[in-house]
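Asker: mind folding the following:
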Amino acid sequence: CYSKTWLHSVNPRMDLWVVSDDLRGLLCVAVDNSATKGLVFNNEAEVPASQIDSVTQEQKLTSFASAISAAPAQSQAQNRGYLPGDPLKVHFAISQADGTVLPMQGSATLQQQGIVEAVAELRLRTPDAYGACRPGEAVRFMTDVPASSCWLGPLDLASQCTSTLSPRLQLGSWMLRSAQLPEDSRCRDRCVTVNFNSSCPVRTVASGSVLDSLEACPSGQGPTLADPVLQTSPDGSCTCVGALRDASLSFQWGYDATQGAVVITKVDVLYTLQNVTSPGCQPLPILQSTSALFVQQQTGDGLVEARSGNPGYVTGLPLLVARCLDYAQGSTSCVRFGPRAEAAVEGIRPAGRLLLLLLLLLLLLLLLLLLLFLLLLLLLLLLLLLPLSLLLLSLFVFVLLLLLLLLLLLLLLLLLLLLLVLLLLLPLSLLLVLLLLFVLVFLILLLLLWRASSLQAGGLMVGWRVLLLLWWLCCCDCCCCCCFWLVDWMVG
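Answerer: Got it, this is the predicted structure:
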């Protein structure tokens, strides 16, 4: 963030975008940069010449010597598809007679006599730190350009209406390379023609205002892509009819099986025109907006294939893998792939195990509530049936049962922790067997409690001895399960 009072002293080294304006007198600027672009290299100290190679390797930089030696090899490179970050190249048709850029009517325009085919990077007008239009950086493959507006000018409509504000010159004078080609390659059938769609209504702009009114398109049809027309009036004002206002470019890409590479298959442009009026034909600033979007080619069923990022993987989304259905005979290479699924890494199970753990926890809580209800029912029966002398003994037994219930709860928590570990490490079939044994033991305990509630006072102690014996059997069963898991883990 810079102080707005010092904004005139800022020398921007690249395109800047305003994130938040008038934030307590500060201007906050976001810079789009990454390790692959390498726009910023901060050398904290001087590096001796003998150590420059190690520094460039450590910071993944390319030395000038290696870049120069690799330049001839790159010029002779074979045709390949686009990779994320590659700049898009366009072809122009320039007349040898007067040097004007001609309208593009397909690849046949580039093959006419007296035409020079020029190649350049596709650049969109983007705002600088002051909001003025600049050529901007080249549009790069798989890198969307967010919608932004900038001011052209001030422009003299009398001389710049049919050139600077021409939608035909900016949108209809080039063809896009479908893939990466050597610099000296011709377009021929390896370029994509732009499809144009105009939007309605037409905007009418006058001097000193951004938008005065909207005019409906005649017959409901949008305007055609052509050069603007300059109109003058008796009062000295001039109007540029059909100037470019908005341009939204959409690049559709997909995999070409014949080339074995990713190519651009279609380019769509949605544009909006405006009529600009200047009283006295005085120069005035003109507002323009541009954007670019990359979309994946749709499959035969009309659905876009899912992918994690644009490009690459996005934090938090699952990894997508293809399942190999058939291997080559005598080789480990896969010849046929099946539907994609989530990647299963050893030690990391799918999300279904977590749902099973939650269901198991809910089942244990229900069993505890049922056990507590049976204890309360037993206390009520004792209060109604036993005399006072035996009631004190029954209350003492009831307190012991509560302590036993607390021990049971503690043991259940330990078993739950053990099951959590088993869910992550053991196969699902073995887990189901252990869960079945666990449920059977608890059902036996519940049946014994119900049986003990109907015994007389003399035989009540015998029932609790049997219950205690079964309780120790349950503990031994859990210990055996733990030992079995430990031996299986050590062997496997």
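Asker: pull the number of nearby residues for the residue nearest to residue 86 when sequence neighbours are not counted.
Answerer: Spatial nearest neighbour of residue 86, excluding adjacent residues (Cβ to Cβ, 6 or more residues apart in numbering): residue 141 at 4.6 Å. From N, CA and C alone the C-beta is placed, and that goes for glycine too. By other Cβ atoms under 10 Å, the residues close to residue 141 number 20.
Asker: roughly how far apart are residue 141 and residue 95?
Answerer: Applying Cβ to Cβ, to the nearest Å, the value for residue 141 to residue 95 is 30 Å.
Asker: same question, residue 288
Answerer: Relative to residue 95, and taking Cβ to Cβ, residue 288 is found at 26 Å.
Asker: the more surrounded of the two?
Answerer: Neighbour comparison, residue 288 and residue 95: the larger count goes to residue 288, with 22 against 13 (by other Cβ under 10 Å).
Asker: bridging residues for that one?
Answerer: residue 150 (DSSP bridges).
Asker: ditto for residue 119
Answerer: Beta-bridge pairing for residue 119 (DSSP bridges): residue 91.
Asker: begin at 2 from here
Answerer: Will do, 2 is the new start, and the previous item becomes residue 120.
Asker: and the pLDDT at it?
Answerer: On pLDDT, residue 120 comes in at 86.
Asker: could you measure from it over to residue 169?
Answerer: Counting by Cβ to Cβ, the separation of residue 120 from residue 169 is 20 Å.
Asker: looking at those two, which one has more neighbours?
Answerer: Each of residue 120 and residue 169 has its neighbours counted (other Cβ under 10 Å); residue 169 has more, 19 against 16.
Asker: what about that one, is that helix, strand or coil?
Answerer: helix (DSSP: H, G, I helix; E, B strand; the rest coil).
Asker: same question, residue 164
Answerer: Secondary structure, three-state DSSP: residue 164 is coil.
Asker: what's the burial count for it?
Answerer: So residue 164, with other Cβ under 10 Å, has 13 neighbours.
Asker: neighbours of the residue lying closest to it once chain neighbours are set aside, how many?
Answerer: Of all residues not flanking residue 164 in the chain, residue 170 sits nearest, at 6.6 Å (Cβ to Cβ, 6+ apart). Counted with other Cβ under 10 Å, residues neighbouring residue 170 total 18.
Asker: residues in contact with residue 170?
Answerer: Counting by Cβ atoms under 8 Å, 6 or more residues apart in numbering, residue 170 makes contact with 102, 164, 228.
Asker: JSON lines for those, including distance to residue 413 and pLDDT?
Answerer: Formatted as JSON lines, these follow (distance: Cβ to Cβ, whole Å; pLDDT from 0 to 100):
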{"residue": "102", "distance to residue 413": "80", "pLDDT": "81"}
{"residue": "164", "distance to residue 413": "82", "pLDDT": "85"}
{"residue": "228", "distance to residue 413": "82", "pLDDT": "85"}
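Asker: domain parsing of this structure, as residue ranges.
Answerer: 78-297, 397-493 (automatic domain parsing).
Asker: ranking those domains by mean pLDDT, which is last?
Answerer: What stands lowest among these, in mean pLDDT terms, is domain 397-493, with a mean of 59.
Asker: quick one, what contacts residue 92?
Answerer: Taking Cβ under 8 Å, 6+ apart, we find residue 92 in contact with 111, 118, 119, 120, 175, 176, 178, 188, 192.
Asker: for the last one, which non-adjacent residue is closest in space?
Answerer: Sequence neighbours aside, residue 176 is the residue nearest to residue 192 in space, at 4.0 Å (criterion: Cβ to Cβ, 6+ apart).
Asker: does the one you found touch residue 105 like I think?
Answerer: Yes: with contacts counted by Cβ atoms under 8 Å, residue 176 reaches residue 105, the gap being 5.7 Å.
Asker: joint contacts of the two?
Answerer: With Cβ under 8 Å, 6+ apart, residue 176 and residue 105 have common neighbours 194, 195.
Asker: give me the neighbour count for the residue nearest to residue 281 when sequence neighbours are not counted.
Answerer: Computed as Cβ to Cβ, 6+ apart, the closest residue to residue 281 that is not its neighbour in sequence is residue 237, at 5.0 Å. Using other Cβ under 10 Å, residue 237 has 11 other residues around it.
Asker: confirm that residue 237 sits in a strand.
Answerer: No: according to three-state DSSP, residue 237 belongs to no strand; its state is coil.
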